[in-house]
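Peer 1: My questions concern the predicted model and sequence given below.
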Amino acid sequence: MKCALCQGSMLSGKTTLPYETGEEYLVVVKDIPAWVCQQCGDHFVEIKVVREVERIVAAAKQDGVTLGFVKYKKAA
Ligand SMILES: [Zn+2]
């Protein structure tokens, strides 16, 4: 896979993404599988992973988490 910004090569790695789900909500998801550009450091997260992250954020919100970190993990 090539980077959309600089055409550098991308390797599979991990990233951390902050998700604001409203004015009073900020959930940071850690250990998200992503492609990482070796040249410019840009991240690319696959759409199926983004969906999973959205599910995790929604679940955290339901659990009453309004500010914090959650670890990415796939639904069993
Ligand atoms: Zn790049």
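Peer 2: That came through, no problem.

Peer 1: Do you have the strands of the protein handy? List them.
Peer 2: Using DSSP state E, the strands found in the chain span residues 10-22, 25-37, 43-44, 67-71.

Peer 1: Export these as TSV, with columns for mean neighbour count.
Peer 2: Any C-beta I mention is one placed from the backbone N, CA and C, and that applies to glycine too. Shown next, in TSV, are these (neighbours: other C-beta atoms under 10 Å):
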stretch	mean neighbour count
strand 10-22	13
strand 25-37	17
strand 43-44	16
strand 67-71	12
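
Peer 1: Quick check: which of those is nearest to residue 52?
Peer 2: Residue 52 lies closest, by C-beta to C-beta, to one member of the strands of the chain: strand 25-37, at 8.6 Å.

Peer 1: before we move on, back to that, for the strands of the chain, give me TSV that also has mean pLDDT and distance to residue 4.
Peer 2: Conversion of the strands of the chain to TSV gives the following (pLDDT from 0 to 100; distance: least, C-beta to C-beta, whole Å):
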stretch	mean pLDDT	distance to residue 4
strand 10-22	91	9
strand 25-37	95	9
strand 43-44	94	7
strand 67-71	91	27
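
Peer 1: Write out the residues of this structure neighbouring the ion.
Peer 2: Residues of the chain found near the ion (C-beta under 5 Å from the ion) are 3, 5-6, 8, 37, 39-40, 42.
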